[in-house]
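Enquirer: Provide a 3D model corresponding to the input given below.
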Amino acid sequence: MLSPHSAFSYRPTGLILALAIACLTLCGCRQKSTQVERSGKLQILEIDNLSEPSSIDPSLVSFITDAAVVYALGEGLLSYDPKDLHPVQGVAERWEANADATSWTFHLRKEARWSNGDPVTARDFVYAFRRILTPKLGSSMAYMLFRLRNAEAYYTGTVTDFGQVGAHAADEHTLVLDLRTPIPYFASMVCQSNWFPLNQRSLEKFGAMEDSSTLWTRPGNYVGNGAFVLTEWTPNKVIRVVKSTTYWNRDAVRLQGCNFYPIDDKAAEELAFRSGLVHLTQLVPIDKIAGYRADPSGVLREFYTAATFLVRFNVNKPPLNDVRVRRALALSIDRVAIVKHLLKGGETVANSLTPPGIGGFTARSSMTTDVAEARRLLAEAGFPGGKGFPKLEYLYAYAGGAKSPLGETLQEMWRKNLGIEVALTSQEYRVWNDSLQKGDYQISYNNWIADYLDPSTFIDLMVTNGGNNQTGWSNPEYDRLDGVAAGTADNKVRFECFQECEDILARECPVVPVFIDTGNRLVRPEVKGWYDNPLDVHPLNAVHLEP
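Expert: All right, here's what the predicted structure looks like:
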């Protein structure tokens, strides 16, 4: 999933100023307690969630921060264990697979209920799967379900009868999922939010199934099956959820609610944390990390995330349609300098799309830095020393005058090493995401975090017409290798296919891996049950506060 990473943008006004004024006001009024202290007594968690959600529709959500809200409001067949992410009971109380892991049967608990009191049934999952696979809906995450038999064929129109897709309600509480290939780790895949069920009656009350812009996700309209219920969504201010009275495991849920704030700036986050406005942050300003490392309270959390930061090129925009130009831009990026001198948060150099060690796979180093070769390639492409090279644009998320230190660093590397000019342009998150989906950009970035702990979640990203490819790049051999890997459970075969895919990416450079991200966040000591993990997924039904 996409992670709206603000490590590379700073906006010194706006929200920071507003928070500072609020803090001064609180101090001037001599408040006896902070917001987190008051909320803690009520078991209400205050979270910075970085950005205003693009969507909280399970079929459409593609940002990890948007998914955090969806995980609170819904539940899939299985759920992630909060400590180590292994699949545990969700709506399904038990499940089994056949001998070759191509057919999975899930037995749904009869006590599972939607927030409107309706029972959660196997048909609700089939309906959700049919919806996300309906091309007219336009979900960028539809490919997540292509592992179901005939799912991709239905999406592309080759198969028109959804009854031929491998999702079948054997009865009200039995769901059978038939796969096109063996997937031993499939139980982990269905924990992900794009596999959540949908209540057809409540959704279609506000429009057609394939309409992505109806009001069904608004407070009072949203019917979910999770531990919490949506009560408020004030854009650019707060999303509030409260404990559900219909959730099957409600007695084990200790939080009474959670408030998500779209604080989209690191400095503002840190100020909100210090001022007692939030219990935890998503990020930490680079210049604050060393100080928090020395803080004996232990509020700084540093953890491994299965996430790769990528620079991406739109290959439909000349001169980026020339592989020599893309390779020149890629080879002139000094990743070591970026990690050592700019980031300083524990990040490591990325030489491949897939983070090392995920699912047991570590790619042999593919991407390097070679300025001399970069200059040679640029000259061969007709731009010696950058002469005649058109000015390109690097698009990043953040509006309102935000700066991008990473963008500025790349800009300087390309100017110094290649003699070319790249302009920096910012857009608000949702606009930026829309620009990438429409291909309305030249150079941009992604911070891609794994959807599940297997290399395929990264390799699948760049298949032809993939929902999150968004570069216009296509390579038949890459697609073939991805298909071979998907067709076998033999990791030796799979891993060699993944390596060959990494080699193709290194040669053609539709994307350029820059660094493997490291999670840095601040968490108050009273927050219990929030465990750091590679997917950065945190089931709120396991969290509580000890004031």
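Enquirer: so how far does stretch 149-163 reach from one end to the other?
Expert: 11 Å (Cα to Cα, to the nearest Å).
Enquirer: repeat for stretch 126-145
Expert: 12 Å.
Enquirer: for stretch 147-161, same thing?
Expert: End to end - Cα to Cα - stretch 147-161 spans 17 Å.
Enquirer: quick one: buried residues of that stretch?
Expert: R147, L148, R149, N150, A151, E152, A153, Y154, Y155, V159 (16 or more other Cβ atoms under 10 Å). Heads up, the C-betas are built off the backbone N, CA and C, glycines and all.
Enquirer: cool, and stretch 173-181?
Expert: H173, L175, L177, D178, L179, R180, T181.
Enquirer: quick one: mean pLDDT over that stretch.
Expert: The average pLDDT within stretch 173-181 is 97.
Enquirer: now the buried residues of stretch 147-161 as JSON lines including pLDDT?
Expert: Converted to JSON lines, the buried residues of stretch 147-161 look like this (pLDDT from 0 to 100):
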{"residue": "R147", "pLDDT": "94"}
{"residue": "L148", "pLDDT": "97"}
{"residue": "R149", "pLDDT": "97"}
{"residue": "N150", "pLDDT": "97"}
{"residue": "A151", "pLDDT": "97"}
{"residue": "E152", "pLDDT": "95"}
{"residue": "A153", "pLDDT": "96"}
{"residue": "Y154", "pLDDT": "97"}
{"residue": "Y155", "pLDDT": "96"}
{"residue": "V159", "pLDDT": "97"}
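Enquirer: next secondary structure after the top strand by length along the chain?
Expert: In the chain, taking DSSP state E as the definition, the longest strand is strand 300-313. Using DSSP states H and E, the helix or strand that follows strand 300-313 in sequence is helix 323-331.
Enquirer: so how far is that following helix off the chain centroid?
Expert: 27 Å (Cα atoms, centre = their mean, to the nearest Å).
Enquirer: for it, name the packing helices and strands.
Expert: strand 300-313, helix 371-380, helix 405-418, helix 491-508 (3 or more Cβ pairs under 8 Å, 6 or more residues apart in numbering; DSSP states H and E).
Enquirer: 6 Å instead, please
Expert: helix 371-380 (3 or more Cβ pairs under 6 Å, 6 or more residues apart in numbering; DSSP states H and E).
Enquirer: re earlier: ok, residues contacting the longest strand of the chain?
Expert: 292-293, 320, 326, 346, 350, 355, 358, 443-450, 471, 510-517, 519-521, 523, 532, 534, 536 (Cβ atoms under 6 Å, 6 or more residues apart in numbering).
Enquirer: pull out the buried residues from that strand.
Expert: Buried residues in strand 300-313 (16+ other Cβ under 10 Å): L300, R301, Y304, T305, A306, A307, T308, F309, L310, V311, R312, F313.
Enquirer: describe which strands it pairs with in its sheet and in which direction.
Expert: strand 443-449 (antiparallel), strand 511-522 (antiparallel) (DSSP bridges).
Enquirer: contacting residues around A485?
Expert: A485 neighbours (Cβ under 6 Å, 6+ apart): R494, C497.
Enquirer: recalculate using a threshold of 10 Å.
Expert: 181, 455-456, 459-460, 491, 493-498, 500-501 (Cβ atoms under 10 Å, 6 or more residues apart in numbering).
Enquirer: still on that earlier bit, in TSV, list the strands paired with strand 300-313 along with distance to K41 and mean neighbour count.
Expert: TSV is the format used below for those (distance: least, Cβ to Cβ, whole Å; neighbours: other Cβ atoms under 10 Å):
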stretch	distance to K41	mean neighbour count
strand 443-449	34	24
strand 511-522	21	24
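Enquirer: just for this structure, where's the confidence low?
Expert: Along the chain, the model assigns pLDDT under 70 to residues 3-31, 399-402.
Enquirer: on that earlier part again, how many degrees apart are the longest strand of the chain and helix 491-508 in direction?
Expert: Angle of strand 300-313 versus helix 491-508, following axes from the mean of the first three to the mean of the last three Cα atoms, to 10 degrees, is 60 degrees.
Enquirer: tell me what angle strand 300-313 forms with helix 405-418.
Expert: Using the same axes, to 10 degrees: strand 300-313 against helix 405-418 is 50 degrees.
Enquirer: what angle do helix 323-331 and strand 300-313 make with each other?
Expert: Using the same axes, to 10 degrees: strand 300-313 against helix 323-331 is 160 degrees.
Enquirer: outline the domain layout of the chain.
Expert: 15-268+523-545, 304-519 (automatic domain parsing).
Enquirer: could I get these as CSV with distance to L2?
Expert: Shown next, in CSV, are these (distance: least, Cβ to Cβ, whole Å):
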stretch, distance to L2
domain 15-268+523-545, 5
domain 304-519, 6
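Enquirer: out of those domains, which is closest to R274?
Expert: Checking these against R274 by Cβ to Cβ gives domain 15-268+523-545 as the closest, at 8.3 Å.
Enquirer: run the chain-centre distance for the closest one.
Expert: Counting by Cα atoms, centre = their mean, domain 15-268+523-545 comes out at 13 Å from the chain centroid.
Enquirer: sorry, back to before: and the domains of the chain: which comes nearest G276?
Expert: Among the domains of the chain, domain 15-268+523-545 comes nearest to G276, with 2.6 Å by Cβ to Cβ.
Enquirer: the buried residues of stretch 147-161 in helices, which ones?
Expert: A151, E152, A153, Y154, Y155 (DSSP state H).
Enquirer: picking that back up, tabulate the buried residues of stretch 147-161 in TSV, adding columns for distance to W432.
Expert: Shown next, in TSV, are those (distance: Cβ to Cβ, whole Å):
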residue	distance to W432
R147	29
L148	31
R149	36
N150	34
A151	29
E152	28
A153	32
Y154	30
Y155	26
V159	34
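Enquirer: between these, which is closest to A363?
Expert: Distances from A363 to those, taken by Cβ to Cβ, are shortest for R147, at 22.2 Å.
Enquirer: tell me the contacts of the residue nearest to the closest one when sequence neighbours are not counted?
Expert: With sequence-adjacent residues excluded and distances taken as Cβ to Cβ, 6 or more residues apart in numbering, R147 is closest to L179, at 5.4 Å. Going by Cβ under 10 Å, 6+ apart, L179 touches 97-98, 100-104, 147-149, 151, 166, 186, 189, 486.
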